[in-house]
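Requesting a structural model of the entry that follows:
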Amino acid sequence: MSFPVLSAFPRRVVVFNATGTYAARQIAAMREAGTGFIGGIALGRGGGTLDGLPIFDRLSDIAEQPDAAILYTPPDGTLDAIRLCAAARIPAIVAAAEYVPLHDSLRAAQEARAAGSWLVGPNTLGLCMPGEGLLGSVSPAFCAPGPVALIGRSGTLTLATARLLTRAGLGQRIAIHIGGDAVIGRNPHDYLDALAQDERTKAVLYCGEIGGDKEYALAEALPRFPKPVVATLVGRHAPADRQMGHAGALIGSDRESAAAKLAALREAGAHTAATPYDAIEILKRVIPG
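Numbers count the residues shown, from 1 in each chain. This is a model prediction of the structure:
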């Protein structure tokens, strides 16, 4: 299984809904981080430019083949945008929108996977590959190049942990917020499988949370992963049957609690930590060389 940004960071990125205020700010930050853009999509605005970025009415109007797409479309337009990207065989798709309808997310994940596209999100801050580029809003100022692949379900925790890693002298191969919704394009075990053969990844730090069964699929993947994995989960004191923060963080049964998930990950071979600070101390011990 190949996560396309690991082999070569995208240099021909297209942005959907590029003329929105939030999107414009993010495009400027991504450019500063080294990301290359070939165009923005904004129906009715084609033929113009935005800070030098060519604007097109439709994806099909762009002559070059994009190697990544970032979607700042509203929730109810996200499925259609992902379908367009999948039909165009764009390798990496980052869908930022929160509150995408559940059945839309299901269809989007299925169609992107069937097309061979790697969908990050919905409800994601995207990813940062320090020193190479940024797709989304994981702050490059919090990151530094290094051997740790950071995978997070919570956007806030992903940002905070990247900053803590950098301050501790542990740079990141990549920092990924995979998406906070219950249904996302790729789950933690997909990322683990993709990182298995990545020579620049020496260890993985997984920051999970309560709710759902993503951590159990991750536990099943651990025995075939050849590198150290450190796992920490937020929500250890969260009450059952109460949503915490976003759609994916809801304990529906004891199995979805932080304690149960950490136990499963520990049994499968992960180094488990109560907090990101503890996880960093473990990483210092287990990273080879």
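
can you map out the strands along the stretch 151-289 of the chain?
With DSSP state E, counting those that start in this stretch as the criterion, the stretch 151-289 of the chain has strands at 172-177, 203-209, 229-234, 271-273.

could those strands go into JSON lines alongside distance to residue 195 and mean pLDDT?
The way it works is simple: take the backbone N, C-alpha and C, and place the C-beta from them, glycine included. Shown next, in JSON lines, are the strands of the stretch 151-289 of the chain (distance: least, Cβ to Cβ, whole Å; pLDDT from 0 to 100):
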{"stretch": "strand 172-177", "distance to residue 195": "8", "mean pLDDT": "98"}
{"stretch": "strand 203-209", "distance to residue 195": "6", "mean pLDDT": "96"}
{"stretch": "strand 229-234", "distance to residue 195": "10", "mean pLDDT": "95"}
{"stretch": "strand 271-273", "distance to residue 195": "16", "mean pLDDT": "98"}
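
Mind putting these into JSON lines with mean neighbour count and distance to residue 153?
Converted to JSON lines, those look like this (neighbours: other Cβ atoms under 10 Å; distance: least, Cβ to Cβ, whole Å):
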{"stretch": "strand 172-177", "mean neighbour count": "27", "distance to residue 153": "8"}
{"stretch": "strand 203-209", "mean neighbour count": "26", "distance to residue 153": "5"}
{"stretch": "strand 229-234", "mean neighbour count": "25", "distance to residue 153": "9"}
{"stretch": "strand 271-273", "mean neighbour count": "20", "distance to residue 153": "15"}
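
can you put the ones you listed in JSON lines and add distance to residue 31?
Listed next are these as JSON lines, based on distance: least, Cβ to Cβ, whole Å:
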{"stretch": "strand 172-177", "distance to residue 31": "19"}
{"stretch": "strand 203-209", "distance to residue 31": "28"}
{"stretch": "strand 229-234", "distance to residue 31": "32"}
{"stretch": "strand 271-273", "distance to residue 31": "36"}
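
which stretch among the ones you listed comes nearest residue 165?
Of all those, strand 172-177 sits nearest to residue 165, with 6.1 Å by Cβ to Cβ.

hmm, who's touching that closest one?
With Cβ atoms under 8 Å, 6 or more residues apart in numbering as the test, strand 172-177 has contacts from 5-6, 120, 124-130, 136, 138, 142-155, 158-159, 162, 165-166, 191, 198, 200-202.

run the last query once more with 7 Å
124-130, 138, 143-144, 146-152, 155, 158, 162, 165, 191, 200-201 (Cβ atoms under 7 Å, 6 or more residues apart in numbering).

Likewise for stretch 63-75?
By Cβ under 7 Å, 6+ apart, the residues outside stretch 63-75 that reach it are 10-17, 20, 22-23, 38, 78, 81-82, 85, 90-101, 135-136.

hmm, try it at 6 Å
Residues outside stretch 63-75 that contact it (Cβ atoms under 6 Å, 6 or more residues apart in numbering): 10, 12-17, 20, 23, 38, 81, 85, 90-97, 99-100, 135.

Break this protein down into its structural domains.
What automatic domain parsing lists as the domains of the chain is 4-120, 138-286.

Of those domains, which shows the lowest average pLDDT?
Mean pLDDT is lowest for domain 138-286 among these, at a mean of 90.

Kindly check the end-to-end length of that one for me.
Taking Cα to Cα, to the nearest Å, domain 138-286 runs 26 Å from one end to the other.

The helix or strand containing residue 149: which residues count as buried?
Here residue 149 sits within strand 145-152, counting by DSSP states H and E. Buried residues in strand 145-152, counted by 16 or more other Cβ atoms under 10 Å: 146-152.

which residues does residue 49 bridge with?
residue 54 (DSSP bridges).

how many neighbours does it have?
Applying other Cβ atoms under 10 Å, we find 11 other residues in the vicinity of residue 49.

Out of the strands of the stretch 151-289 of the chain, which gets nearest to residue 221?
The nearest among these, by Cβ to Cβ, is strand 229-234 at 9.4 Å.

What residues does the nearest residue to residue 289 once chain neighbours are set aside make contact with?
Leaving out its chain neighbours, the residue that sits closest to residue 289 by Cβ to Cβ, 6 or more residues apart in numbering is residue 202, at 7.7 Å. Contacts here follow Cβ under 6 Å, 6+ apart; on that basis residue 202 touches 147, 287-288.

what about the nearest residue to residue 18 once chain neighbours are set aside, which SS state?
Nearest non-adjacent residue to residue 18, counting by Cβ to Cβ, 6+ apart: residue 40, 2.6 Å away. Following DSSP: H, G, I helix; E, B strand; the rest coil, residue 40 is assigned to strand.
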